[in-house]
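A.B. asks: Structural data only, the sequence is not supplied:
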């Protein structure tokens, strides 16, 4: 089964595995799954590292593609159609990174590995 890895899940997998839920650890370790990481995660990490909000992710930001690929994840680009879908999502949640990840998960019809219940407003399947 395919899954989309949320940004915080990616960060914790790379920096502090103990913060991941048991199910998340199992999903990330499943060799039969294809795990996608959104380009929105790269954008979010770079933005938050620049702003000083994610100092623990500096190495991940510096070597993003290499770390993601070594972990066995597949990078997921942002298409115009998905960008439009993200902008059109109905819901009070305004975080543009979460909107993009939700739109990508909906477009691909795959669940998101995330502890963030705010994604639920968009109707995504969320596993943790």
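C.D. replies: Nice, thanks for sending it over. Only a predicted model underlies this, so the values are computations on that prediction, with no experimental measurement involved.

A.B. asks: for the record, mean pLDDT for stretch 11-28?
C.D. replies: Per-residue pLDDT values over stretch 11-28 give a mean of 96.

A.B. asks: for stretch 100-117, same thing?
C.D. replies: So the average pLDDT for stretch 100-117 ends up being 98.

A.B. asks: Pull out the buried positions in that stretch.
C.D. replies: 100-106, 110-116 (16 or more other C-beta atoms under 10 Å). Quick note: C-beta positions are derived from backbone N, CA and C, even for glycine.

A.B. asks: Next step: the residues you listed restricted to strands.
C.D. replies: 112-113 (DSSP state E).

A.B. asks: Inside helices: which ones of the buried residues of stretch 100-117?
C.D. replies: Cross-referencing the buried residues of stretch 100-117 against helices under DSSP state H gives 100-106.

A.B. asks: circling back to that earlier point, in JSON lines: the buried residues of stretch 100-117, plus distance to residue 40.
C.D. replies: Output for the buried residues of stretch 100-117, formatted as JSON lines (distance: C-beta to C-beta, whole Å):
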{"residue": "100", "distance to residue 40": "4"}
{"residue": "101", "distance to residue 40": "6"}
{"residue": "102", "distance to residue 40": "10"}
{"residue": "103", "distance to residue 40": "9"}
{"residue": "104", "distance to residue 40": "7"}
{"residue": "105", "distance to residue 40": "11"}
{"residue": "106", "distance to residue 40": "13"}
{"residue": "110", "distance to residue 40": "15"}
{"residue": "111", "distance to residue 40": "16"}
{"residue": "112", "distance to residue 40": "12"}
{"residue": "113", "distance to residue 40": "15"}
{"residue": "114", "distance to residue 40": "13"}
{"residue": "115", "distance to residue 40": "17"}
{"residue": "116", "distance to residue 40": "13"}
